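Engineer: let's see this in three dimensions:
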Amino acid sequence: MDNYEIQNDRIYVLRVMKGGVPYEYLINRRSDNDKLVVFNNGAVAEGDVTVPVFQRHSWADILKTSSVFCMDPTLYLNSFLQIGWGIGKNEDYYLENSSLILKKIIEKMGICLENTAIYGTSAGGYLSIIMGIYLKGAKVVADNAQLDVRNWIYKEVLSSVITFAFDNIGDALNYKERFSIIDAFEKHDYVPKIYMHVNLCSTADNSTQLIPFLKNAETMKYNGEYNDIEVFLHFEPDKGHNGISMDDAISFLYRILNQN
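Structural biologist: Numbering: from 1, shown residues only. Model prediction:
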């Protein structure tokens, strides 16, 4: 990575190996723009992931800004997995590794973290918030995100991830910060600037994620740098857990990046 140069004005995949694990990024560095949007995946339908999946990759052609789409290698642990939350394998925290590699990529793109927004929905929102802890200065837009995966309504999904991520299932208890946003804030003494969109018509996001998050935030042990969290409550009965539309998302990202 020290000698690698980012290519401009073309869309391509960069694959970085670390500890035998592939970290993959779909990159579109626009030479005429100094803003960046980073994307993280939500659940991958039907699982069985053998090649990198970059959800919303078509947005790269639409956005005026540069863009990077991230793949969670946790999904490679077993073909059964549709979601991984970046948990990784045993003591190897894939989301931390991916974030630090991405930080190097953004530096080589010549873009300031203050001009960077990280975006994701559902599990992608969870990944984006944690990633924002490592990319200090970047803003996070999380849409109907999981905030504590231990509360996720599909318990069998969490059980599957833990089963494949840890050789000794009990070891998962040693890594609370991989499963809970609040625990991650406490561990790193940092809260990124977060814009959180939640549909009040989705029980999975309102009752089991947002409300417990707010309650736990009241007693958070915290002495570090805190940036405000803004919560946008939507009432969209037809959407449920689905995120806001592409047009609304891009418009919002432009606004927080001061992109005309």
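
Engineer: in stretch 243-257, what's buried?
Structural biologist: Of the residues in stretch 243-257, 243, 244, 249, 250, 252, 253, 254, 257 count as buried by neighbour count, 16 or more other C-beta atoms under 10 Å. Quick note: C-beta positions are derived from backbone N, CA and C, even for glycine.

Engineer: average pLDDT for that stretch, rounded please.
Structural biologist: Mean per-residue pLDDT for stretch 243-257: 96.

Engineer: check stretch 196-211 too.
Structural biologist: 92.

Engineer: CA atoms of it as CSV?
Structural biologist: The C-alpha trace of stretch 196-211 is given here as CSV (Å, rounded to 0.1, in the frame of the first residue of the first chain):
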residue,chain,number,x,y,z
MET,A,196,-29.5,8.4,11.6
HIS,A,197,-32.7,7.7,9.5
VAL,A,198,-35.3,5.4,11.0
ASN,A,199,-38.7,4.4,9.7
LEU,A,200,-41.2,4.5,12.6
CYS,A,201,-43.2,1.9,10.7
SER,A,202,-40.5,-0.8,11.1
THR,A,203,-40.6,-2.6,14.4
ALA,A,204,-37.2,-4.1,13.7
ASP,A,205,-35.6,-0.7,13.6
ASN,A,206,-37.7,1.4,16.0
SER,A,207,-38.6,-0.9,18.9
THR,A,208,-35.6,-3.3,18.9
GLN,A,209,-32.8,-0.9,17.8
LEU,A,210,-33.4,2.8,18.2
ILE,A,211,-35.2,2.8,21.5
